[in-house]
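> here you go, sequence then predicted model.
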Amino acid sequence: MIDVVFMLLIIFIIAAPLMRAEVDVKLPKSAAARVKDETAITISITKEGEIFIGKTPVSLDEFPDKIEQLAAAGNITSVSLKGDEGINYGVVMRVVGYIKEAGIENLGLVATPEKRGR
């Protein structure tokens, strides 16, 4: 019985990191980086300019309609925006504009905390 419990514990420890529902984005570093709100929806923009709402890929043309639908349904009130450090700034600003137009005022930019040498 103990062997089974330990085996399940080991399986859970190994599998837990694989269950994270995130898009692989290389975040820029910032001294202003904060811990993200776990209740916020995450929007990710990859280096290639691909946009994801959670793990669902969405084109830039579809994005305004999708974010407005989510906001109108009351599913989201805040957004954590993760953008790869190598993406076009214009794409980020368009996405931010669409989020604001959808009526979502609580927008956070996610970054990797930067270590400052003093």
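Yes, it's here.
> low pLDDT regions in the protein?
1, 6, 9, 12-39, 75, 116-118 (pLDDT under 70).
> let's see that with 80 instead.
Where the chain drops to pLDDT under 80, the residues are 1-40, 74-77, 111-118.
> now the helices for it?
For the chain, helices defined by DSSP state H occupy the ranges 2-15, 63-72, 89-101.
> convert the C-alpha atoms of the second one to CSV, please.
Spelled out, that is helix 63-72. Taking C-alpha atoms only, helix 63-72 is exported to CSV below (Å, rounded to 0.1, in the frame of the first residue of the first chain):
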residue,chain,number,x,y,z
PHE,A,63,-8.5,39.2,-32.0
PRO,A,64,-10.8,42.2,-31.6
ASP,A,65,-14.0,40.2,-32.0
LYS,A,66,-12.7,37.4,-29.7
ILE,A,67,-11.7,39.7,-26.9
GLU,A,68,-14.9,41.7,-27.1
GLN,A,69,-16.9,38.5,-26.9
LEU,A,70,-15.1,37.5,-23.8
ALA,A,71,-15.4,40.9,-22.2
ALA,A,72,-19.2,41.1,-23.1
